[in-house]
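Novice: coords below, sequence missing:
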């Protein structure tokens with residue numbers, strides 16, 4: 001029996017399963033608040049600012065969980081972080097479902113968020129380290145697919161069991177329980193084990209040198225630790241990949257995907273879709289479209305390449321932002337609504353075909369091996385930070401500046417990000433196991449002629 005368990009512990013399907021469960025945890029936990037917020041506000045008399053705190057509590061937990069999770073994965077391994085994700089998901093989901101007041105619910109949603117954040121760090125990381133390179137793009141996309149499926153399930157349940165916020169929260173423990181089962185069988189990442197092996201060899205060599213060279217080894221040991229700590233993010237090989245990663249985080253959050261989802265029911269109402277529960281059903285249809293476009297996108301990841309999809313998707317998203325901003329100014333009534341619906345669906349398709357699907361594994365591909373386990377969670381934390389800021393201030397900005405202004409801002413951010421990505425995304429992205437950004441810089445420096453610079 002142990003031999004059978006050992007034989008499946010590194011199977012690709014098991015690694016992809018943990019990624020899918022991590023995505024479901026992410027999608028359901030963040031999506032279910034749409035249906036739970038109103039009933040909670042009615043029961044406890046929560047004000048609008050307090051409702052904002054309820055919404056953002058899980059995002060704050062995810063921000064901290066994604067950032068700290070990277071360092072924990074680097075220090076203790078990927079598998080312990082999977083256990084942490086499963087336990088905090090189960091405890092946070094069930095606990096928040098039985099919360100007696102808003103303060104308790106926020107605290108337990110924060111704990112749940114720690115699991116959500118750690119899942120967004122460790123689950124894609126394990127895929128990038130344990131899945132063969134030629135299928136990494138395809139299987140790496142499953143994390144985003146699962147996020148969209150989790151959001152869709154949350155929307156359907158919010159409609160089917162309307163008002164039952166306790167049950168909505170408690171059902172979020174199911175993917176955590178399944179992840180716990182997977183954790184019991186899955187092997188530790190071979191990349192982490194190899195890194196630990198090298199560390200042991202290095203420490204043994206340092207100890208041996210310390211007995212023969214005395215104090216001189218202390219300085220060498222100090223330098224060695226410094227190179228493998230947080231300061232590695234500021235090394236020459238890591239600075240540009242980190243910059244590109246942060247640009248990808250901006251593209252993922254500050255071009256308006258969450259705003260589109262938030263305003264979807266309003267857009268449907270403007271189009272005249274105003275029957276009983278009609279806007280809510282239309283919003284579910286939008287989530288189905290979200291899932292379908294993600295499924296379609298995965299077939300193009302390895303065919304068309306990461307750079308092409310990221311750049312093209314960024315351009316389409318930017319155009320949609322600018323056009324909808326214009327529609328809010330020049331159109332009215334059903335004309336504004338139907339025009340916005342068309343570009344709403346185009347935006348979602350472009351998002352899922354590019355940054356929505358690619359972000360989670362591309363941030364692991366652009367970083368050098370020595371900084372990946374720390375750098376990717378830091379980039380991920382930026383993504384959660386932007387999500388938190390947008391979610392907290394979005395309604396205030398819209399109230400004082402108007403809907404059109406918000407989408408002009410999204411369009412401006414998208415245009416700037418698109419230009420920067422055009423000049424910084426490497427053409428070899430996803431085609432090599434080594435860092436593509438620094439490889440491309442090295443090849444340009446070694447090139448005898450400027451004509452070989454292929455942008």
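Specialist: Received, thanks. In this text the structure is predicted, and so the values were computed from the model without any measurement. Residues are numbered from 1 along each chain as shown.

Novice: ok, residue 60 - contacts?
Specialist: 110, 113, 388 (Cβ atoms under 8 Å, 6 or more residues apart in numbering). (Glycine included, C-beta is placed from N, CA and C.)

Novice: what's downstream of the helix or strand containing it, the next helix or strand?
Specialist: In this structure, residue 60 is located in helix 48-76 according to DSSP states H and E. Downstream of helix 48-76, the first helix or strand assigned by DSSP H and E is helix 78-97.

Novice: where does pLDDT dip in the stretch 301-450 of the chain?
Specialist: The stretch 301-450 of the chain contains residues with pLDDT under 70 at 395, 428-450.

Novice: where exactly do the helices run in it?
Specialist: Applying DSSP state H, counting those that start in this stretch to the stretch 301-450 of the chain gives helices spanning 306-330, 333-353, 355-365, 372-401, 403-424, 436-446.

Novice: so which of these gets nearest residue 289?
Specialist: Checking the helices of the stretch 301-450 of the chain against residue 289 by Cβ to Cβ gives helix 333-353 as the closest, at 5.9 Å.

Novice: circling back: so which of the contacts of residue 60 is surrounded by the most neighbours?
Specialist: Counting neighbours by other Cβ atoms under 10 Å, residue 113 comes out on top of the contacts of residue 60 with 28 neighbours.

Novice: avg pLDDT for the helix or strand hosting it?
Specialist: In the assignment (DSSP H and E), residue 113 maps to helix 102-130. What helix 102-130 shows for mean pLDDT is 92.

Novice: before we move on, what about stretch 243-261?
Specialist: Stretch 243-261 carries an average pLDDT of 87.

Novice: re earlier: got the buried residues for the helix holding residue 113?
Specialist: 102, 105-130 (16 or more other Cβ atoms under 10 Å).

Novice: if we can go back for a sec, any idea which of the helices of the stretch 301-450 of the chain is most buried?
Specialist: Comparing the helices of the stretch 301-450 of the chain by mean neighbour count (mean count of other Cβ atoms under 10 Å), helix 355-365 ranks first with a mean of 27.

Novice: next one: that helix to chain centre, how far?
Specialist: Mean C-alpha position of helix 355-365 versus that of the full chain (Cα atoms, centre = their mean, to the nearest Å) differs by 8 Å.

Novice: one more: stretch 237-245?
Specialist: Per Cα atoms, centre = their mean, the centroid offset for stretch 237-245 relative to its chain is 18 Å.

Novice: same thing with stretch 17-29?
Specialist: Put simply, stretch 17-29 sits 11 Å off its chain's centre (Cα atoms, centre = their mean).

Novice: let me know the average pLDDT across that stretch.
Specialist: For stretch 17-29, the per-residue pLDDT averages 95.

Novice: one more: stretch 287-297?
Specialist: Regarding stretch 287-297, the rounded mean pLDDT is 87.

Novice: what sits up against that stretch?
Specialist: In contact with stretch 287-297 (Cβ under 8 Å, 6+ apart) are residues 141, 144-145, 148-149, 151-152, 155, 309, 345, 348-349, 352-354, 356-357.

Novice: one more time with 10 Å
Specialist: For stretch 287-297, the surrounding residues in contact (Cβ atoms under 10 Å, 6 or more residues apart in numbering) are 27, 31, 141-142, 144-156, 257, 261, 264, 304, 309, 313, 344-346, 348-354, 356-358.

Novice: tell me how far that stretch lies from the chain's centre.
Specialist: Centroid displacement of stretch 287-297 relative to its chain, using Cα atoms, centre = their mean, is 16 Å.

Novice: and that stretch, which residues are buried?
Specialist: Under the neighbour-count criterion of 16+ other Cβ under 10 Å, stretch 287-297 has 287, 289, 290, 291, 293, 294, 297 buried.

Novice: how close does residue 54 get to residue 29?
Specialist: Separation of residue 54 from residue 29 (Cβ to Cβ, to the nearest Å) stands at 13 Å.

Novice: what do you get for residue 158?
Specialist: Using Cβ to Cβ, residue 158 is found at 13 Å from residue 29.

Novice: any common contacting residues for those two?
Specialist: Common neighbours of residue 158 and residue 29 (criterion: Cβ under 10 Å, 6+ apart): none identified.

Novice: looking at those two, which is more packed in?
Specialist: Counting neighbours by other Cβ under 10 Å for residue 158 and for residue 29 shows that residue 29 has the greater number, 29 against 25.

Novice: right, and that one touches residue 176 too?
Specialist: Yes: here residue 29 reaches residue 176: they are 9.4 Å apart, a contact under Cβ atoms under 10 Å.

Novice: what touches both of the two?
Specialist: Common neighbours of residue 29 and residue 176, counting by Cβ under 10 Å, 6+ apart, are 89, 92, 93, 112, 115, 119.

Novice: can I get the residues you listed in JSON lines with distance to residue 70?
Specialist: Shown next, in JSON lines, are the shared contacts of residue 29 and residue 176 (distance: Cβ to Cβ, whole Å):
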{"residue": "89", "distance to residue 70": "18"}
{"residue": "92", "distance to residue 70": "20"}
{"residue": "93", "distance to residue 70": "23"}
{"residue": "112", "distance to residue 70": "19"}
{"residue": "115", "distance to residue 70": "15"}
{"residue": "119", "distance to residue 70": "12"}
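
Novice: would you point out the most distant pair within those?
Specialist: 93 and 119 (12.8 Å).

Novice: so what sits against both of those two?
Specialist: Common contacts of residue 93 and residue 119 (Cβ under 10 Å, 6+ apart): 25, 29, 175, 176.

Novice: can you tell me the closest non-neighbouring residue to residue 80?
Specialist: Excluding its sequence neighbours, the residue lying closest to residue 80 (Cβ to Cβ, 6 or more residues apart in numbering) is residue 72, at 7.2 Å.

Novice: same check on residue 301?
Specialist: Spatially, and ignoring its direct neighbours in sequence, residue 301 is nearest to residue 137 (3.8 Å; Cβ to Cβ, 6+ apart).

Novice: quick check: that neighbour vs residue 305, distance?
Specialist: Residue 137 sits at a distance of 9 Å from residue 305 (criterion: Cβ to Cβ).

Novice: settle it for me: which of these two has more neighbours?
Specialist: Between residue 137 and residue 305, counted using other Cβ under 10 Å, residue 137 has the larger neighbour count: 26 against 17.

Novice: what residues are up against that one?
Specialist: With Cβ under 10 Å, 6+ apart, residue 137 has these contacts: 131, 298, 300-306, 309, 357-358, 361-362, 365, 429-431.
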